[in-house]
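1. I need the structure of the sequence given here:
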Amino acid sequence: MITIRKSDERGHADHGWLDTRFTFSFADYFDEEHIQFRTLRVMNDDRVAGGGGFPMHPHRDMEIVTYVLEGALEHRDSMGNGSVIKPGDVQYMSAGTGVTHSEFNASKSEPVHLYQIWMMPDKRGHKPAYDQKTFSDAEKRGKLRLVASPDGREGSVKIRQANELYATVLGAGESVKHALKPERHAYVQVARGIVTLNGAKLGTGDGAAISAEKSVELTGVDDAEVLLFDLA
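-> Got it, this is the predicted structure:
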């Protein structure tokens, strides 16, 4: 079963400095039919204007992954980490028992476009943790590149949940296929471009929740970048 969530069906908020769309209920946006999917709790498609950003704020007991598509995001946190996240980077923060952080557009003039993703942890009360790794377009071109996993295999970021996150960059006619074990589910999010998912067309911002399918096949219609979650 594949349930498609079209881009314009998502929640939306425009704060001037922040234009954001919510796949799942978040902040002032609530939709009882879209609270979360499995342990995938947040999928926010954020565009932050130059000079804008989120001042220091707290999180706890959440696995947070940030994936930048355009521009650069500057991160600071209470663990002492400071970094600039650029396209190709996957940043991971396990909030655990509690952490505060800030995120600001690293440019005063150019926008930054990112996905912020939250997953429920495998248990509460972990010690906070941080990691950041870079995955080139060449690693993702025409293939599913594992970028986050519970065991950190293949150089992926190690997360505290039995989920796997893959990223792929597809040109027109390029295809990738991912097999799903019977007890597993998947979520696909099209970050940019147009693809088909098991024959159904998805465009920029579209997503799909997938259950009781043997495999997920993505084919590029034009240049596209897609995130694929394999979920417990």
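
2. What is the neighbour count of the nearest residue in space to Ser83 that is not next to it in sequence?
-> Nearest residue to Ser83, sequence neighbours excluded (CB to CB, 6 or more residues apart in numbering): His75, at 5.1 Å. Yep, even glycine has a C-beta here, placed from its N, CA and C like the rest. Per other CB atoms under 10 Å, the neighbour tally for His75 reads 21.

3. Same check on Glu32?
-> Neighbour tally, Glu32, other CB under 10 Å: 6.

4. Centroid-nearest residue for this structure?
-> Ile117 (4.4 Å; CA atoms, centre = their mean).

5. got a list of what the residue nearest to Ser83 touches?
-> Listed by CB atoms under 8 Å, 6 or more residues apart in numbering, the contact partners of His75 are 66, 81-85, 91, 101-103.

6. okay if I get these as TSV plus neighbour count and pLDDT?
-> Listed next are those as TSV, based on neighbours: other CB atoms under 10 Å; pLDDT from 0 to 100:
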residue	neighbour count	pLDDT
Thr66	20	96
Asn81	16	84
Gly82	10	84
Ser83	15	88
Val84	14	93
Ile85	22	93
Gln91	23	95
His101	21	84
Ser102	15	90
Glu103	24	89
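
7. As CSV, those with distance to Val42 would be great.
-> Formatted as CSV, the contacts of His75 follow (distance: CB to CB, whole Å):
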residue, distance to Val42
Thr66, 11
Asn81, 20
Gly82, 23
Ser83, 21
Val84, 22
Ile85, 17
Gln91, 15
His101, 15
Ser102, 18
Glu103, 14
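
8. Looking at the residues you listed, which are in strands?
-> Per DSSP state E, strands hold the following members of these: 66, 82-85, 91, 101-103.

9. which helices and strands sit right next to the helix or strand of the chain with the lowest mean pLDDT?
-> Sorting the helices and strands of the chain by mean pLDDT, DSSP states H and E puts strand 53-59 at the bottom, at a mean of 86. Where contact means 3 or more CB pairs under 8 Å, 6 or more residues apart in numbering; DSSP states H and E, strand 53-59 is packed against strand 73-77, strand 99-105.
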